[in-house]
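Novice: Turn this into a structure:
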Amino acid sequence: QVQLVESGGGLVQAGDSLRLSCAVFGRTLRDFRVAWFRRAPGKEREFVCTINGDSTDYVGSVKGRFTISRDNAKNTAYLQMSSLKPEDTAVYYCAIKRSYFSSSASDSQSYSFWGQGTQVTVST
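Specialist: Now for the predicted structure:
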């Protein structure tokens, strides 16, 4: 059984930082691409960033503020978020798919496993 467990969300003020974690159970993380998505109230789910091996990619709105990383020994991925803005408020989800899948990294439907989500709220 595969399980992704996110943690680290919360309520912060604009300009603050948060680190989200995504612990993976039932699969070896190093064999997978990891992505973070988010869904803001009333909006569609949005790709945030991804890591495959050591290669990373980010949506433009978070470049320079967010950093995705992974610790394969701990089977855990992370999303370090800095200089948070109210528009970053959303439920954040981690997702994984096999590294060799050729589908677009930002295509949410191509991901095999998802976490339950963690709420991030940024106040002004």
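Novice: For beta bridges, what are the partners of the spatially most central residue of the chain?
Specialist: By CA atoms, centre = their mean, the mean C-alpha position of the chain lies nearest to W36, the distance being 2.2 Å. Beta-bridge pairing of W36 under DSSP bridges involves C49, C94.
Novice: same thing with G115?
Specialist: Going by DSSP bridges, G115 is paired in beta bridges with L4.
Novice: End to end on stretch 26-40, go ahead and measure it.
Specialist: For stretch 26-40, the separation between the terminal residues is 29 Å (CA to CA, to the nearest Å).
Novice: Kindly apply the preceding question to stretch 87-104 instead.
Specialist: 25 Å.
Novice: Repeat that for stretch 40-54.
Specialist: Its start and end residues considered, stretch 40-54 measures 28 Å (CA to CA).
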